[in-house]
Every structure is written in C-alpha cells, then in structure tokens.
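1. sequence unknown, structure follows:
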C-alpha cells in the first residue's frame, strides 16, 4: 500500500480548474450547435422549401474570366473591374382577396366575412312588475295587528285602515297569543321598501274566518266567513308498542279518546297477562269537520276493537233512552263492572300476591298485593267508586292512597310519585278517576305500583276476584242498539282512515233522455257576508 492520497484528496491543478469553469459554457455552445444543425437539416429535407427558385437580384451578372489559352490569360477591361450598382425591383401590390381564392363560387354568401350590423340604441327598459307574495305572521305577547304590520314596513295609513276594519269584525273579541295571520302582500316599484297589503285573514275558530281585502281605489273591505260544520266518521288503526294509550296517540287518535278506550277495556281485559306487544287495535271516531276540510274536533270515541291472542274485545258507545253515555259489548252488556281488573294500563307484573323473600329486608314474608311495573308518572285509576280513607306518606309504602268502596271492600295504592289533584281524606271518587301517579317512594327498588285489595280488613289476591256486571241494554233500547252495533262493526272495517283525503262521491249514471222539454236550471245558493 502506497502513501499517495486518494484521488478525491489530491490537489487540483490550474488546468483542471480552468476547464471546470468553462465546462457549462462549452456545454451550452454544443447544445446551440446541435439545434442549428437540426434546423438546417429540416430546412433542406422540406420538399416545398427545396422546390422554391433561388432569389435573383438586380445586380447584372459579371462575365467570368475565360480560361487561359496557350497565349496566356486574357486581359480584363476597366469596366469589368468596377461592380454595377445594386438596384432592387419595385414590389407589386398584392391582388385583392376574392371568393375564388377560397374555392367557392363568387355568388356564395360568406357569412364569416360579413360586416357586423350597426348597433341600434336599446329601447327604454320597461318598469319592473309588482311582485305578489304570501306571508304568515304569528301573534306574540304584547303584539297588535297594527304593530305587526309596522314591523314589516307597511305604510301607516294602510295599516291603520286594516287594523280598524279587523276590529270592526272582531268587535270585543281578542285574538289569542299564538294566533296566525295570513297576509297577501305586493311590492310597489316606486316604493320597494314599503309593501302593500292586498288581503289579511285570521281564523280563530275553524268554522269562522275574518278577511280584510283591498279595493282598486285603495280602500279596504271586511267580511266574516262562516263554514258549515258536519260530523265525519273515521278510524285509526295501530299496534301496541309500549303503553296502549301512547300507541294510539302516535297512530293519530286523540288522547281523550284513547283514555276512554283504555278505561272501557280495563273492566274486562287483564292488561298484565293478556296484553302483549304488537297486538293490533282499531278505534272509531266521530270528528267535526268544516265544509273546507278543517277539523274542529279531533274525534269522540264511538267504538274500539282490541285483538288479543285468544279473543277480540269490542266496546261501543251507546246512550240509553233517558240515560247517559256508556260502553257496551256487541251483545248489549255493559262493560262497567263493580271494579276494574287492573288500576292502570301497566306493562307487566313484577311481583304477585303471596309469600316471597323481601327484596330489601331479605326475609320471607307475605306480599299482600300485586306489583305492576310502569314508567314514572303513569296515571293510576280508582278501581271503583268510593271515598278516600287516607292519602299521604305511610312508612315503607311511601306516598299512599286508600279508598273505601263499601263497608267491607277497600283498595290501596303505594309508592306513588305524587297524589292526584283533589285527592284527600273524605273526598268521594268515581271509578276510573286519576288518584295518583307511579313512582318509587318508600321501600322500593324501582318505579312501580303496589296494589292491594282488602275484604273485611283482610288482604286478598286482586287478580282472582270476580266482579259482577252492572247491567245490560233495556228491552226498549234493544232494537236500536242492535242496529247501531251492526253499523259500528262495519265501520270498524270500512270507515276512511283519519288523515287521508276523503274520496269524491261516485258519479251517478246519467238519466235516460226523454221527449220532455228541458227545465231551466235552478239558481245556485251562495252565502255572502257583507
């Protein structure tokens, strides 16, 4: 191994340094040379350029010297030695472009070379048209109609006229907070920020509408429109998903109708053992509807049907002659019994009557009632008519209500979240009245109702008691009831579904033509209000 340094560490000579400086310049010169050579080659290889004749100049050709003869070179004259002056030929003007130069006959219209026609001055723009639009306003606390119109920049004179005309219709009646006011507005081109009221309407009741409309002369007229109200029979169908009452409300039935339906069923249906998820039900309602289709009353319960696992329960509303409304089964038997089977629309039984191990105390003891699991706040109904014996806190029972129905029969309700309105000792209650709400007060492991039934002071099983029916349809009402029951059973299947548009009546066949003279058509009756 030698002591010479590696090539990378050797000192550079001045010659190599100079070559390194000029290397980029030499590279650029080489590139330019290659480009020029390429251009020359392409120029010579182009047949069109190569075919062009060489350019001639006006310089007269000089005589070439003659070849030297044997006598020696020929003498040159002085005139031949002086070159002639360079004279360039005058260029000739280019001929005008014609249609023939484009390979087209001269008669053909060359659209691409037409002159642009002179622009005509634009006509005066038409004034913008007035826009008509609809607007809905909601009456808030402290609002007046005049103030609401001022908020949308209606002119003061117009809004005073509109408010005065509406007051003349309402008289001393006042519009409630939350009432909606429908407006038809128009923009004015001369005053775009000040819209004009063409019409105002408000409908505080479905059967009554107040309208203020603008005339062509700028004044306003007011009218009251009254709609005819008539009953309409509809049905609501659903499936039980959770509470039967809430399932019906979600399907479109009013809450009051579902409360009546559940109460009518509670005399005969064991909600804990017979009622299951997914079971179907139908309620028949009598709505009140205006002539333009607005519902004035959501529906009174006429009949209802609940399809259980092994049977179908039907209840029907009927008013006996000289009596009050009640619910009956299709056989004419009143559904009302002396006591409800269960005091609420509960979901399931969590603990039955009898001996059991106490879930909190841990020892076996008599469970003197039945526990029904239900969401907090579920209403609890009085099982029968009676008087309130006690209502308030009661040790491990929590909030507690006891009802005395007869001298020997009483019912008790424990672990309530709160007691029903007006329920206090000594007050009379009616069967089905709300006496409290489900909770978890006292010694309780979760929200539920503890329900007890007492006979002669002793606890008995509420689920095994037999309760007598209160009566049937009388003989004088039997025929009318059977006709109504048959009608209700048919309508439970065929009545229009609530919320669907009513089908138009079928067209009657045209009567046969006769030879009698045609009668004059009767004038149509139109109710007008001034």
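-> Nice, thanks for sending it over. Every value quoted in this text rests on a predicted model; they were computed, and no experiment measured them.
2. can you map out the helices along the chain?
-> 14-45, 47-50, 78-81, 145-151, 156-170, 244-251, 255-265, 478-494 (DSSP state H).
3. least reliable of those helices going by mean pLDDT?
-> Mean pLDDT per stretch puts helix 78-81 lowest among these, at a mean of 46.
4. remind me, longest strand of the protein?
-> Criterion DSSP state E: the longest strand present in the chain is strand 191-205.
5. still on that earlier bit, among the helices of the chain, which is the most enclosed?
-> helix 255-265 (a mean of 21; mean count of other Cβ atoms under 10 Å). (C-beta placed from N, C-alpha, C; glycine too.)
6. Pull up the distance across stretch 396-416, start to finish.
-> Stretch 396-416 has an end-to-end distance of 12 Å (criterion: Cα to Cα, to the nearest Å).
7. For the closest residue to residue 263 other than its chain neighbours, give me the pLDDT.
-> Closest residue to residue 263 apart from its sequence neighbours, by Cβ to Cβ, 6 or more residues apart in numbering: residue 432 at 4.8 Å. pLDDT, residue 432: 84.
8. quick revisit: redo the helices of the chain as JSON lines? Include distance to residue 446.
-> Shown next, in JSON lines, are the helices of the chain (distance: least, Cβ to Cβ, whole Å):
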{"stretch": "helix 14-45", "distance to residue 446": "91"}
{"stretch": "helix 47-50", "distance to residue 446": "103"}
{"stretch": "helix 78-81", "distance to residue 446": "136"}
{"stretch": "helix 145-151", "distance to residue 446": "51"}
{"stretch": "helix 156-170", "distance to residue 446": "54"}
{"stretch": "helix 244-251", "distance to residue 446": "20"}
{"stretch": "helix 255-265", "distance to residue 446": "23"}
{"stretch": "helix 478-494", "distance to residue 446": "38"}
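9. Among those, which comes closest to residue 423?
-> Comparing those against residue 423 with Cβ to Cβ, the closest turns out to be helix 255-265 (17.7 Å).
10. could you check the angle helix 244-251 makes with the closest one?
-> On the basis of axes from the mean of the first three to the mean of the last three Cα atoms, to 10 degrees, helix 255-265 is oriented at 140 degrees to helix 244-251.
11. Helix 255-265 - contacts with which helices or strands?
-> Counting contacts by 3 or more Cβ pairs under 8 Å, 6 or more residues apart in numbering; DSSP states H and E, helix 255-265 is packed against helix 244-251, strand 280-290, strand 295-307, strand 312-319.
12. Which neighbouring elements make contact with the second one?
-> Contact analysis of strand 280-290 by 3+ Cβ pairs under 8 Å, 6+ apart lists strand 229-239, helix 244-251, helix 255-265, strand 295-307, helix 478-494 as its packing neighbours.
13. Export these as TSV, with columns for distance to residue 341.
-> As requested, the helices and strands packed on strand 280-290 are exported to TSV (distance: least, Cβ to Cβ, whole Å):
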stretch	distance to residue 341
strand 229-239	22
helix 244-251	14
helix 255-265	9
strand 295-307	13
helix 478-494	23
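14. just to revisit the earlier point, which secondary structure elements does the longest strand of the chain contact?
-> helix 156-170, strand 180-188, strand 208-214.
15. So which helix or strand of this structure has the lowest pLDDT on average?
-> Least confident helix or strand of the chain, by mean pLDDT, DSSP states H and E, is helix 78-81 with a mean of 46.
16. mind showing which ranges of the stretch 51-200 of the chain have poor pLDDT?
-> Along the stretch 51-200 of the chain, segments meeting pLDDT under 70 span 51-130.
17. redo that, cut-off 50
-> Scanning the stretch 51-200 of the chain with the threshold set as pLDDT under 50 gives 56-81, 102, 104, 108, 110, 113, 122-123.
18. circling back: contact partners for the residue nearest to residue 263?
-> Shown in contact with residue 432 (Cβ atoms under 8 Å, 6 or more residues apart in numbering): 263, 266, 340, 381, 382.
19. got it, and residue 352?
-> For residue 352, the contact set (Cβ under 8 Å, 6+ apart) comprises 367, 370, 461, 463.
20. One more: residue 298?
-> 254, 257, 285, 287 are the contacts of residue 298 under Cβ under 8 Å, 6+ apart.
21. Tell me the pLDDT of it.
-> 88.
22. Against residue 448, how distant is it?
-> Taking Cβ to Cβ, to the nearest Å as the measure, residue 298 falls 32 Å from residue 448.
23. go on, residue 211?
-> Counting by Cβ to Cβ - residue 211 and residue 448 are separated by 56 Å.
24. Between those two, which is the more surrounded one?
-> residue 448 (24 against 19; other Cβ atoms under 10 Å).
25. returning to what we had before: among the helices and strands packed on helix 255-265, which is nearest residue 480?
-> That would be strand 312-319 among the helices and strands packed on helix 255-265, by Cβ to Cβ, at 8.6 Å.
26. Show me the contact partners of that closest one.
-> For strand 312-319, using Cβ under 8 Å, 6+ apart, the contacting residues are 261, 264-265, 268-269, 300-306, 325-330, 335, 473, 477, 481, 484-485, 488-489, 492.
27. Report the buried residues of that strand.
-> 313, 314, 315, 316, 317, 318 (16 or more other Cβ atoms under 10 Å).
28. Now do the contacts for the closest residue in space to residue 386 that isn't next to it in sequence.
-> Closest residue in space to residue 386, ignoring its immediate chain neighbours: residue 405 at 3.8 Å, by Cβ to Cβ, 6+ apart. When contacts are counted by Cβ under 8 Å, 6+ apart, residue 405 touches 339, 383, 384, 385, 386, 411.
29. Can you name the residues bridging to residue 373?
-> residue 348, residue 448 (DSSP bridges).
30. Could you do residue 401 as well?
-> Beta-bridge partners, per DSSP bridges, of residue 401: residue 391, residue 413.
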